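> 3D model of this:
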Amino acid sequence: MNAQNSFTFALNPAQQEALIQLLREGHYRPVLVEHTQIAADGTDCRIALYKTGKCLVQGRGAADFVSFVLEPLILKEAQLGYEEVLDPARAQPHMGVDESGKGDFFGPLVVACAYVDHTLLPRMKELNVRDSKRIQSDDVALAMARDLRKLLGVRYSIVLIGPARYNQLYARMRSVNTLLAWGHARAIENLLEKLPSCPRVISDQFGNKKQVERALMQRGRKIELVQRPHAESDPAVAAASVLARAAFLTALKKMEQQFAVPFPKGAADAVKEAAGRLIQAHGPETLLQTAKCHFRTTDDVLAAAGLDRNSLGPDGAATSRPRRPFGRSAKA
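Below you'll find the model as predicted:
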C-alpha cells in the first residue's frame, strides 16, 4: 500500500494557538495560502491551518510531521490520520455498523452500516468523519451525513425501527441486546446485497457476539464479524454512527411535525414532562407509537397521570421490562 501523504485534522482553539506558535517559532518557512490563519513549509511537507480550524498536512514528509510533531505536541493523542500507517487494516475493504436512539425514550432505534476502503478513507478524513457522540451540534451531524451519503452512494444501509415496530419486537424478544443484534444483522445483510464480496464487518461490543451471528442469514454468515470495545475509532463504524444519528434526528423531527409537540432526546426529566403533555394531548396509547415503552420512564409518566400500562391498550403490558430474579438488582 502506498504511504499516505495527506492528513486532515479539526483543531480546537487551544490546539490552533499551539500550532500557530509552533510554526512561528520553529524551523518552518512561512507561505501564503488563501483562507488560512497560518501556513508554512516543513521538511518535505506543507502545513496549513485554515480559518475554520481545519489543519491540512500534505507532502512526502506529512506522515513524519503528523507522527513526530502534530500528534505528540499539538493533538496530545493519536487521531484518525496516521493510524492507518500503523494499522493498514483501517484502509482495507470492510464495513462498520453502529446504532442511534438506543438510550432515547422517544423515537426509533436506527442501525446503519457503512463501507470503507483505501479510496474512500481520505475523503472521509476531509469531511472530518468521527463518532457521532463527539459531534455536539445536530446540524453538523445532519450535514456530515448528507456529505457521507453523497460520498458513499449505494455503499451504506440504514435500518430504522420505528417505535411501534420496536415495541412489537421487544414484546417478542424481551431483550434490548437481542433486538439490537437483529437490527445489526439486518443492516449488514442489506449492505451485503450491494457489496457481496466485502470480507469483514466491525461493530462495538455489546451482549454476546453469537447473538448477531445467529441473526445473520445465509449471505451474512460468510462475513467475518469483529466486535471490539471503542469500535467507533474505526472509520467505517464512525461513518455508520453519523448516518444512524442523522436518521434518528430526522425521524424525531417528523414525529414532532406529526404530533405538534416537542420530543426531547434522552430519558431525563424533560422527556418525562414532554411525555406527560403528549398523554394529555393525544392519550396514553400514543406512547406505543412514539416511545420505547419498556423504559422505566413509561411507568413513571403513567403513574404521574394516575394511569398504568393497561391504559396503553392490549399491547401495553407486553412492553414492560422482564422482572429479574429476587436478589438481583435491575439497572435503571
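
> do a quick rundown of the strands in the stretch 1-150 of the chain.
6-10, 29-30, 36-42, 45-50, 54-58, 94-100, 109-116 (DSSP state E, counting those that start in this stretch).

> could you list every helix and strand in contact with the fourth one?
Read that as strand 45-50. Secondary-structure packing of strand 45-50 (3 or more C-beta pairs under 8 Å, 6 or more residues apart in numbering; DSSP states H and E): helix 13-25, strand 36-42, strand 54-58, helix 62-65. Every C-beta, even on glycine, is put in place using the N, C-alpha and C of the backbone.

> same check on the shortest one?
Here strand 29-30 is seen to pack against strand 36-42 when contacts are counted using 3+ C-beta pairs under 8 Å, 6+ apart.

> nearest to residue 125, of the helices and strands packed on strand 45-50?
Set against residue 125 and scored by C-beta to C-beta, the helices and strands packed on strand 45-50 come closest in strand 54-58, at 10.0 Å.

> nearest to residue 190, out of the helices and strands packed on strand 45-50?
Nearest of those (C-beta to C-beta): strand 54-58, 33.3 Å.

> just checking, residue 6 touches residue 63?
No: using C-beta atoms under 8 Å, residue 6 is not in contact with residue 63; the gap is 9.7 Å.

> quick check: longest helix of the protein.
helix 235-259 (DSSP state H).

> show me where the chain has helices.
Assigned by DSSP H, the chain shows helices spanning 13-25, 62-65, 83-86, 121-126, 138-152, 163-173, 176-194, 209-215, 235-259, 269-282, 287-290, 296-304.

> including mean neighbour count, could those go into a markdown table?
What follows is the helices of the chain, written out as a markdown table (neighbours: other C-beta atoms under 10 Å):
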| stretch | mean neighbour count |
| --- | --- |
| helix 13-25 | 15 |
| helix 62-65 | 21 |
| helix 83-86 | 16 |
| helix 121-126 | 18 |
| helix 138-152 | 17 |
| helix 163-173 | 17 |
| helix 176-194 | 21 |
| helix 209-215 | 16 |
| helix 235-259 | 22 |
| helix 269-282 | 16 |
| helix 287-290 | 22 |
| helix 296-304 | 18 |
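
> which one, of the ones you listed, ends up nearest to residue 227?
helix 209-215 (4.8 Å).

> quick one: average confidence on the closest one?
Mean per-residue pLDDT for helix 209-215: 88.

> same deal with stretch 91-101?
95.

> buried residues in that stretch?
91, 93-101 (16 or more other C-beta atoms under 10 Å).

> ok, those residues vs residue 245, which is closest?
residue 100 (4.3 Å).

> I figured that closest one hits residue 250, correct?
No: contact between residue 100 and residue 250 fails when scored by C-beta under 8 Å: they sit 10.9 Å apart.
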